[in-house]
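[1] Just need the structure, nothing else, for what follows:
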Amino acid sequence: MKAIRWLDENIEKVILVFFSIIMVAVIFLQVVMRQFGGSLSWSEELARYCFIWLIYIGISFGVKQQKHVKIDALLFLLKDKGQISLTIISNLFFMLFAIFVILYGYEVANQLLQFGQKSPANQIPMGLVYMATPIGMGLTLIRLIQNQIDLIKSLFNKGKENNILN
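    Got it, this is the predicted structure:
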């Protein structure tokens, strides 16, 4: 139970730090190599793939922190329960979008794995690169479900309405 709670709190952070370290190290190494007249053929490709993973895991992290981009002009016109209800509805649309992206993204990634296509410089299976989409959006869907549960609880509990939307 402790391990699951730790994963719930930290999985995005760990993945984001992991890919950030790789990306920064590879780009730094490429800059140093260029100063000495050399170049690495694989560094930019690896940095690009790390960045792709950072984006999709970052979406999940943003949803978890409730820092994702949203237009909240309409929320200002509503009171507590109205704000929560509108947020629940918008999250439902986001969940539908996430499910669509997970299904379609997995289909594309799986096809690339079956075809055996590999990246030119690093020979990384392209299906693994494309798996960033369904995995990142899968984590996003989990975070959206967690947020929905909290929102629904706060809808029926007085006094917690303002805390959940911030």
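[2] CA only for contacts and neighbour counts going forward, please
    OK.
[3] Could you pull out the helices in the chain for me?
    2-35, 43-64, 73-77, 80-115, 126-130, 132-156, 161-165 (DSSP state H).
[4] Quick one: list the elements packing against the fourth one.
    Contacts of helix 80-115 with other secondary structure elements, assessed using 3 or more CA pairs under 8 Å, 6 or more residues apart in numbering; DSSP states H and E, are made with helix 73-77, helix 126-130, helix 132-156, helix 161-165.
[5] do the same with the second one
    Using 3+ CA pairs under 8 Å, 6+ apart, the elements in contact with helix 43-64 are helix 2-35, helix 126-130, helix 132-156.
[6] can you tell which of those helices is closest to V69?
    helix 132-156 (13.7 Å; CA to CA).
[7] Touching, N110 and G127? I think so.
    Yes. Taking contacts as CA atoms under 8 Å, N110 lies within contact range of G127: 6.2 Å.
[8] Of the two, which one has the most company?
    It is G127, of N110 and G127, that has more neighbours when counted by other CA atoms under 10 Å, with 23 against 17.
[9] The more buried one and R48: what is the separation?
    Distance, G127 to R48, using CA to CA, to the nearest Å: 15 Å.
[10] just P120 next, same as before
    13 Å.
[11] Identify the contacts common to these two.
    Applying CA atoms under 8 Å, 6 or more residues apart in numbering, one finds that no residue jointly contacts P120 and R48.
[12] how about the helices and strands packed on helix 43-64, which one is nearest K70?
    K70 lies closest to helix 132-156 among these, at 13.9 Å (CA to CA).
[13] Can you name every helix or strand that the closest one contacts?
    helix 43-64, helix 80-115, helix 161-165.
[14] Point out the most buried one among these.
    helix 43-64 (a mean of 19; mean count of other CA atoms under 10 Å).
[15] which residues are in contact with it?
    12-13, 15-16, 19-20, 22-24, 26-27, 30, 68, 121-122, 129, 132-133, 135-137, 139-141, 143-144, 147.
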